[in-house]
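S.K.: Below is the sequence, then the predicted model.
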Amino acid sequence: MEIIITEEQNCDVIKIIGRIDSYTTPNIKGSIQNLINNGHTNLVMELSSVKYLSSSGILMFVNFHKQLLKNKNGKLVFSNVPELIYSNIKLAGFDKLLQFAEDTAAAIDCF
């Protein structure tokens with residue numbers, strides 16, 4: 001698993017490569033929480049290279065979404081989500097809660 005963070009003008013793009021599961025979720029969570037703690041609260045999750053998303057990964061994303069909404073100072077937008085990954089999110093019922101964009105440029109435009 002690899003995390004690449006790119007700072008854009010109005011947000012940070014977080015590209016995750018590999019699997020998001022109970023083994024990798026703590027590392028991803030630490031990286032995202034570090035960004036939020038440093039005032040980076042507009043986040044794009046670029047998931048085009050994610051091969052697997054477990055329930056622990058979905059829960060992590062939902063918790064970050066809630067945290068950003070609670071603080072009313074940012075939001076989380078997903079981009080380039082593979083169909084298999086999106087179907088897992090939809091099956092869990094979170095497709096209506098989380099925000100999705102067709103591609104990274106569209107996600108950046110949400111801010």
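M.R.: Looks like it arrived, so ask away. Numbering: from 1, shown residues only.

S.K.: which residue is nearest the centroid of the protein?
M.R.: With distances taken as CA atoms, centre = their mean, residue 45 lies nearest the centre of the chain, 3.4 Å away.

S.K.: Give the other helices and strands that the longest helix along the chain contacts.
M.R.: Identified as the longest helix of the chain according to DSSP state H is helix 55-71. Other elements packing on helix 55-71 under the criterion 3 or more CB pairs under 8 Å, 6 or more residues apart in numbering; DSSP states H and E are helix 25-37, strand 42-53, strand 75-79. Glycine gets a C-beta too; all of them are placed from N, C-alpha and C.

S.K.: how does it look with 10 Å?
M.R.: On a contact count with 3 or more CB pairs under 10 Å, 6 or more residues apart in numbering; DSSP states H and E, helix 55-71 meets strand 12-20, helix 25-37, strand 42-53, strand 75-79, helix 83-91.

S.K.: Tell me which of those sits nearest to residue 59.
M.R.: Residue 59 lies closest to helix 25-37 among these, at 8.4 Å (CB to CB).

S.K.: Show me which parts of that closest one are buried, residue by residue.
M.R.: Residues of helix 25-37 classed as buried: 25, 28-29, 32, 35-36 (neighbour count, 16 or more other CB atoms under 10 Å).

S.K.: Same question for stretch 39-54.
M.R.: For stretch 39-54, by 16+ other CB under 10 Å, it's 40-47, 50, 53-54.

S.K.: again with stretch 49-68
M.R.: Under the neighbour-count criterion of 16+ other CB under 10 Å, stretch 49-68 has 50, 53-54, 57-58, 60-62, 64-65, 68 buried.

S.K.: what's the most distant pair in the residues you listed?
M.R.: 54 and 68 (21.6 Å).
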